[in-house]
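Asks: would you be able to build a 3D model of this:
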Amino acid sequence: MNSFSPMNTSSYHQDQQIEGGAEAIMAGAELLHEIESETQAWDDIFLESAMPSLLIFGDLDDSASDLHALGTAAGFRMLGTVPLSEAPARLSITVDVDAIMLICSGDEPQLDTLLTRLDMMAINNGVMLTIIADFAAIDRTHSTITAEKAIIMSQPSIIDISAAMTVMASHSQNIERLNDSARDEQDAKIEKLSDDLSKLTRTIEALVQNRIPGHFLAIPDSVSGTMTVNSPERHYDGFPSQDEGGPTRIDAEQVRAVLRARRLRDQILSPDLFADPAWDILLDLMASHLEGVKVSVSSLCIAAAVPPTTALRWIRQLTESGLLVRHADPADGRRIFIALSTEGVDAVTRWFAESRSLFIDAAG
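Replies: You can find the predicted model right below:
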């Protein structure tokens, strides 16, 4: 004779609830894992799209793959390498680009128009810009490119190019992008599923006193950062007259003599030991100032006695520090002249005045 037991029935129903809940947890966990796998693939695409983009214009052969590798290493999402003849058309269909590198010889048709267009993109849209030009095109490039953060190089080494790409990548502004509705919907589904599974787990744990633990993967939130880079303004001033810095205490021949002494040093010791051209640049411009001679960018690069890219970098630094000024050639808009600022004239003049007695003592 069978007897009815409420306790046995309650235990039976509890076991059924535990078993059913455990199966629901496993099924939910599997579904969550599948969604997370799909989401990870989407995240990879999302992260790639969040990387700054780089577009290269140039008539390149074997070096295209090397530049692509350098750009990727610098953290860019590469948009490709485009021949210069196709550059205008490509810019017309390019909606969003963070950085552009242009490689030119200076003889390309419509180069001035392209340079002007890129300069406007750098100024108005914050596009980072690097121009690699043959030495003969340096003056032409400098007269057209006026964007403060633009990098201009000539005959650069692979290290120079890599450094320029790194600078562009680090300075590229984070451009606000449209939210993807599908992404938002996917995140909402995952969040709801996780909440449901958590509630079900707590119910089961209450029934069996934590005999069935639940472990679920946490979905990390995407992290975004904003980088702000301030750059000094470039000024275009006229040539300072010899009277602006007070009475002239030196003449051009004295300055040229110091420059010849520095060249003599390079003949005796390795020039690599004295790679800083800043003083040579200041001295050459001081002599030209005293002679009343205008100095172009290309001429100053030659006087610096270092690779053009190094000279260009120091010209920019000295300009930003206020020691040099730039102004356009009124007879040729494609050329820029560089001169000492009033501050630069005063500094070099003071050095000669205060070091004169030291030179006399050194000469015996």
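
Asks: rounded mean pLDDT for stretch 351-364, please.
Replies: For stretch 351-364, the mean pLDDT works out to 76.

Asks: list the strands paired with the longest strand belonging to the chain, with their directions.
Replies: Using DSSP state E to define each element, the chain has its longest strand at strand 332-340. According to DSSP bridges, strand 332-340 forms sheet pairs with strand 295-296 (antiparallel), strand 324-329 (antiparallel).

Asks: list the buried residues in it.
Replies: Residues of strand 332-340 classed as buried: 335-340 (neighbour count, 16 or more other C-beta atoms under 10 Å). (Each C-beta comes from the backbone N, C-alpha and C, glycine too.)

Asks: mind putting those residues in TSV, distance to residue 270 and pLDDT included?
Replies: Converted to TSV, the buried residues of strand 332-340 look like this (distance: C-beta to C-beta, whole Å; pLDDT from 0 to 100):
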residue	distance to residue 270	pLDDT
335	34	82
336	32	87
337	33	92
338	28	94
339	31	94
340	29	95
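
Asks: go through the strands paired with strand 332-340 and name the closest to residue 305.
Replies: Ranking the strands paired with strand 332-340 by proximity to residue 305 (C-beta to C-beta) places strand 295-296 first, at 14.6 Å.

Asks: show residues contacting that closest one.
Replies: 139, 284-285, 288, 303, 329, 335-339 (C-beta atoms under 8 Å, 6 or more residues apart in numbering).

Asks: repeat that for stretch 252-263.
Replies: 274, 279-280, 283-284, 286-288, 290-291, 305, 348, 352.

Asks: how much space between residue 357 and residue 342?
Replies: With the distance defined as C-beta to C-beta, to the nearest Å, residue 357 ends up 25 Å from residue 342.

Asks: who's more crowded, those two?
Replies: More crowded of residue 357 and residue 342, by other C-beta atoms under 10 Å: residue 342, with 15 against 9.

Asks: burial of the closest residue to residue 286 other than its chain neighbours, as a residue count?
Replies: If the residues on either side of it in the chain are set aside, residue 286 comes closest to residue 348, at 4.5 Å by C-beta to C-beta, 6 or more residues apart in numbering. By other C-beta under 10 Å, 24 other residues sit near residue 348.

Asks: any idea how far residue 348 is from residue 93?
Replies: 51 Å.

Asks: show me where the protein has strands.
Replies: Using DSSP E, strands in the chain cover 53-57, 77-82, 99-104, 128-133, 151-153, 295-296, 324-329, 332-340.

Asks: who touches the fifth one?
Replies: Read it as strand 151-153. Contacts of strand 151-153 (C-beta under 8 Å, 6+ apart): 129-133, 138, 141-142, 145, 160-161, 164, 167-168, 308-309, 312.

Asks: same check, this time on the third one
Replies: Contacts to strand 99-104, defined as C-beta under 8 Å, 6+ apart, come from residues 52-60, 67, 76, 84, 87, 111, 114-115, 118, 121, 127-134, 137, 164-165, 168-169, 172.

Asks: quick revisit: export the strands paired with strand 332-340 to TSV and tack on distance to residue 260, mean neighbour count and mean pLDDT?
Replies: Output for the strands paired with strand 332-340, formatted as TSV (distance: least, C-beta to C-beta, whole Å; neighbours: other C-beta atoms under 10 Å; pLDDT from 0 to 100):
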stretch	distance to residue 260	mean neighbour count	mean pLDDT
strand 295-296	18	19	92
strand 324-329	22	18	89
